[in-house]
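[1] task: produce atomic coordinates for the following.
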Amino acid sequence: MQEESDLVTGEAVVLDLRVAKLASRGAAMLLDVLVQGALLLIVVVTVAATSSDLDPALTIALFLSVFVLIVIGYPVLFETLTRGKSLGKMALGLRVVRLDGGPIRFRHALTRALAGFFVDFWALGFLGAVAVITSLSSSNGRRVGDYLAGTLVIRERVPQSAQAQVVMPPGLEGWAAQLDLSRLPDDLALAARQYLNRFHELRPDAAHALGQGLADQTAHAVGVAVPHGMPAWVFLSAVLAERRNRDQARLAQQVYAGPQQQAYQPQPFQQQSSQQFQPQQFEPAAQQTQQYQQQVQPTAQQLQPVAPQPQQQFQPVAQQTQPQQFEPATQHLSQPVAQYPPQQPAPPAPPERGPEPENPFTPPS
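    Numbers count the residues shown, from 1 in each chain. This is a model prediction of the structure:
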């Protein structure tokens, strides 16, 4: 049976984390030690083969440096790059996280590695005795390095528990449809659902006592009494199934109904009094108008010389028109009228004809 952590964040959120205990952490540590031993062996063989001519003191110093680098650098490098995992933790599905559930950083990994080397395992840890005692005395299986760094080792690969589907008991559909479930709180409904999921895992006496308490609270919230002879789990199943059906129907109605178009309602005209008028409302517009005039004024000044003046436009034409051009015409018009030929008199008008004489050969009428 896996235990959950009882950690609470600063926002009053309870963390539902599966903490790793001593057995899983010990197996992961053993795998990491084997990897570190293999790396250390490779380095020692390489240094011994290439440093035959070196001084013994230098060889010992080089060996100690490589040992510290592997023992401390290995967990720091892996836990920093993988956000809390080493090779052993990857194999067992473990991860190091902060107490608030967030991923660790370089400072957390370095603090855990230094504390593990000097306190928990090697230098002063008596080959891991301090780490074992500290982990057994901690409710979350934390060692000294976890306390100093503010971290926690959790399990990532947790088998999911199958949740039973709440089904309406046969014959109770009509009775459940008449219940008023609007006053049923969500936390009570969640507790009842968890009880039904774990009903078969509880002892019979514990299941009966817990179910009866939840049924009484639910009946008080709904406003009806538990029917005589009805088991608590049947009553809770009917209430939760009806609540789920109503929620699904309400959700489906909201999804498929679509937004309803509201009729247009014109707002009545309200004449504002002079007291409600505030000149400060128009100050931004006046400032924008002033800025626009300042921007347009240089442009108008640039365009002003381009437009020709009326006097300058017609001045060249007046200069080109000189009086000497019209002197011959003036002299011609100043000659006397005698030089021109006299006008011919009009022909005389024909004399008027009198009445025609009477024809003597005209027969009398």
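[2] wait, Ala232 touches Phe199, no?
    No. Between Ala232 and Phe199 no contact is recorded; they are 9.7 Å apart, counting by Cβ atoms under 8 Å. Every residue, glycine included, has its C-beta placed from N, CA and C.
[3] between those two, point out the one with more neighbours.
    Neighbours per residue (other Cβ atoms under 10 Å) separate Ala232 from Phe199, with Ala232 holding more: 24 against 16.
[4] quick one: residues contacting that one.
    208, 211-212, 214-215, 226 (Cβ atoms under 8 Å, 6 or more residues apart in numbering).
[5] how does it look with 6 Å?
    211-212, 215 (Cβ atoms under 6 Å, 6 or more residues apart in numbering).
[6] dump those to CSV, plus secondary structure and distance to Ile70.
    Below are the contacts of Ala232 laid out as CSV (DSSP: H, G, I helix; E, B strand; the rest coil; distance: Cβ to Cβ, whole Å):
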residue, secondary structure, distance to Ile70
Gly211, helix, 57
Gln212, helix, 61
Ala215, helix, 61
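[7] save those residues as JSON lines, and put in distance to Val130, neighbour count and pLDDT too.
    Shown next, in JSON lines, are the contacts of Ala232 (distance: Cβ to Cβ, whole Å; neighbours: other Cβ atoms under 10 Å; pLDDT from 0 to 100):
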{"residue": "Gly211", "distance to Val130": "46", "neighbour count": "21", "pLDDT": "91"}
{"residue": "Gln212", "distance to Val130": "49", "neighbour count": "15", "pLDDT": "93"}
{"residue": "Ala215", "distance to Val130": "51", "neighbour count": "21", "pLDDT": "93"}
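[8] strands of the stretch 101-250 of the chain, start to end?
    With DSSP state E, counting those that start in this stretch as the criterion, the stretch 101-250 of the chain has strands at 151-155.
[9] any idea of the angle the stretch of helix or strand Phe78 belongs to forms with strand 151-155?
    Phe78 is part of helix 56-81, with elements assigned from DSSP states H and E. Interaxial angle, helix 56-81 versus strand 151-155 (axes from the mean of the first three to the mean of the last three Cα atoms, to 10 degrees): 70 degrees.
[10] buried stuff in the next helix or strand after helix 56-81?
    Going down the chain from helix 56-81, the next helix or strand is helix 87-92, by DSSP H and E. Buried residues in helix 87-92, counting neighbours by 16 or more other Cβ atoms under 10 Å, are found at 87-89, 92.
[11] ok, now stretch 213-223?
    Across stretch 213-223, burial judged by 16+ other Cβ under 10 Å covers 214-215, 218-219, 221-222.
[12] now stretch 108-124
    108-117, 119-122.
[13] any low-confidence regions in this protein?
    Low-confidence segments of the chain (pLDDT under 70): 1-16, 158-164, 257-365.
[14] how far away is the nearest residue to Leu99 once chain neighbours are set aside from Glu79?
    Distances taken as Cβ to Cβ, 6 or more residues apart in numbering place Gly150 nearest to Leu99, at 5.3 Å, with adjacent residues excluded. Separation of Gly150 from Glu79 (Cβ to Cβ, to the nearest Å) stands at 14 Å.
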